[in-house]
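Asks: Predicted model, plus sequence, below.
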Amino acid sequence: MVIVFCLAQPSRLLFNPAHLARVKFQFIFQGKPSNLICSDTNLEFINLLTKRTEITFIMMDSVKGRLKEAKLRQSKNDNTGAFRLAFEALDMFLRELCFKRGARLDPKQEKGPVSKWRFVDCVDFLRSNSFITKAQGSILFKINNLRIPVVHYGKDPSETETKDAIREITRFIQGRGICAGAIMNKPIVGVDSMDPISKAREIMMQYDYSQLPVFKGSKTMGSISEKTLVKLFPTLEMEGELLVNKVMEPPFKEVSENALLEEIRCLLLDESAVLVLGKDRVIGIITKADLLKMF
């Protein structure tokens, strides 16, 4: 396994030596690559990292490999083997996700190092810290409940159970486990369609936003952006105060709070923002800037 660190400045980062033993690291520091074999006694590299460091972990090879093998076994009607491999991929991914979301590899913490956490410990940590939604947690627990009879009692999962589990696991991993509900800005800040555009401008300046959703009551009617205001700027004083509904643009696309990162990313390729829907109303917004914060 190769882990690539792209370093901006020197720093400190704490790892569990046992977790990193015999892992090869490649450091790209100020444009100069160098290699280091990490062992239990060679951990000086941890002083190279900083809060401002941009780090890319290439740790998905094993996860992707297991998913690929799981799908191959599924195609050969080996449902038990396929499910086991897919679950292993999910379990590895959850531990890495917990670590990246702040769970330390510290044996002194209550549950011990992340490498020794149970599957349910990982899900509980992510759920309690709002990194995944209640619905996502329920799906993960459902997959774990299917694992118990397979591992402990030798029961073969059905073709449908295996297919559904692999689909949900693949979707979760491809979305990096990050859902809209975990990264959205809330409460939602917007304007009413009958507000003057001066109010939209004031809100943008107050919150440092470049676009706002436009509502009529709780219903989404459109959007308004800095670009629109800049286009109107030369004529605003001559035409007097305009209402937002006279200049608003089409509304932002909407996703559910359980939508995963890949779906959000695809929408933001063409949209400046997406709205997040709860049960019956808009509960948040995600912009390109919010997405970039995840990397």
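Replies: Nice, thanks for sending it over. These numbers come from a predicted model, not from an experiment.

Asks: residues in contact with Ser130?
Replies: The contact partners of Ser130, taken as CB atoms under 8 Å, 6 or more residues apart in numbering, are Gly181, Ala182. The way it works is simple: take the backbone N, C-alpha and C, and place the C-beta from them, glycine included.

Asks: Could you check how far it is from Arg265?
Replies: In this view, Ser130 and Arg265 are 20 Å apart by CB to CB, to the nearest Å.

Asks: Looks like Glu263 contacts Glu257 (just checking).
Replies: No: counting by CB atoms under 8 Å, Glu263 stays clear of Glu257, with 11.9 Å between them.

Asks: which residues touch the spatially closest residue to Leu90 that is not a sequence neighbour?
Replies: Closest residue in space to Leu90, ignoring its immediate chain neighbours: Ile169 at 4.7 Å, by CB to CB, 6 or more residues apart in numbering. Contacts of Ile169 were listed using CB under 8 Å, 6+ apart, and they are Leu67, Ala86, Phe87, Ala89, Leu90, Ile143.

Asks: Within the helices and strands, which one has Ile169?
Replies: Secondary-structure assignment from DSSP states H and E places Ile169 in helix 159-174.

Asks: Let me see the mean pLDDT of that helix.
Replies: Per-residue pLDDT over helix 159-174 has a mean of 88.

Asks: Can you tell me how far Thr133 is from Asp61?
Replies: Taking CB to CB as the measure, Thr133 and Asp61 are separated by 28 Å.

Asks: Those two: which has the busier surroundings?
Replies: A count of neighbours by other CB atoms under 10 Å puts Thr133 above the other of Thr133 and Asp61, at 19 against 10.

Asks: mind checking which helix or strand Arg84 is in?
Replies: helix 79-100.

Asks: List the buried residues for that helix?
Replies: Within helix 79-100, the residues that qualify as buried are 79, 81-99, counting by 16 or more other CB atoms under 10 Å.
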